[in-house]
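Asker: Sequence unavailable; structure follows:
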Ligand code: HEC
């Protein structure tokens, strides 16, 4: 009789402990995430402009990857082809609406990025040197980082 009671009590304790563990595992996890302070300036674009900007951003990453592949393969043609896609041509295709809604410093960093893509293409075409391309890539990446630290985009 006594051992049966102990058995029942220990089973209850067991179930309670398991339930607490399951609860912690399933529901407490997300609360442990500490978000970094976000002091970025919000830039508001209409939904189509926001999509356009983010689409272009993803292409920047692809172009940079193709440039890196070109470096690894010692293939300047690949670098010229990739970097040209986001160089002067892309800058000229920027919609006026986007320029109107972007703060000055944001525009300048946007222009600077296209300028560096264009110089990567020009240098690789005229006088290819891996060191030059790598230095230009570092300058380009720094421009991406500064802008990402400063701005975020929301649809208006
Ligand atoms: C003129 C400012 C600016 C420059 C320069 C810039 N970005 Fe961005 N990028 C942004 C903003 C703003 C966002 C949106 C971030 C947010 O809202 O949280 C973004 C988002 C992105 C995203 C996410 C896209 C998505 O679909 O959500 C990628 C990838 C990205 N940038 C890559 C790059 C790369 C690579 C470079 C450099 C070659 C670069 N960006 C240069 C401002 C910039």
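Answerer: Structure received. Note that the coordinates shown come from a computational prediction; the quantities given were computed from them, not determined experimentally.

Asker: low-scoring stretches of the protein, by residue?
Answerer: 1, 29-32 (pLDDT under 70).

Asker: Which residues of it lie near the ligand?
Answerer: Contact residues, the chain versus the ligand (Cβ under 6 Å from any ligand atom): 54, 57-58, 60-61, 64, 106, 109-110, 113, 140, 143-144, 147-148, 151-153. To be clear about C-beta, it is placed using only N, CA and C from the backbone, and glycine gets the same treatment.

Asker: Going through those residues, which ones are buried?
Answerer: For the residues of the chain next to the ligand, a burial check counting by 16 or more other Cβ atoms under 10 Å picks out 60, 64, 106, 109, 110, 113, 140, 143, 144, 147, 151, 153.

Asker: still on that earlier bit, just the ones of the residues of the chain next to the ligand in helices?
Answerer: If you go by DSSP state H, the residues of the chain next to the ligand have 54, 57-58, 60-61, 64, 106, 109-110, 113, 140, 143-144, 147-148 in helices.

Asker: pretty sure residue 49 contacts residue 94?
Answerer: No. Contact between residue 49 and residue 94 fails when scored by Cβ atoms under 8 Å: they sit 10.4 Å apart.

Asker: and residue 119, how many neighbours does it have?
Answerer: Counted with other Cβ atoms under 10 Å, the neighbours of residue 119 add up to 17.

Asker: Enumerate every residue touching it.
Answerer: Contact analysis of residue 119 by Cβ atoms under 8 Å, 6 or more residues apart in numbering lists residue 136.
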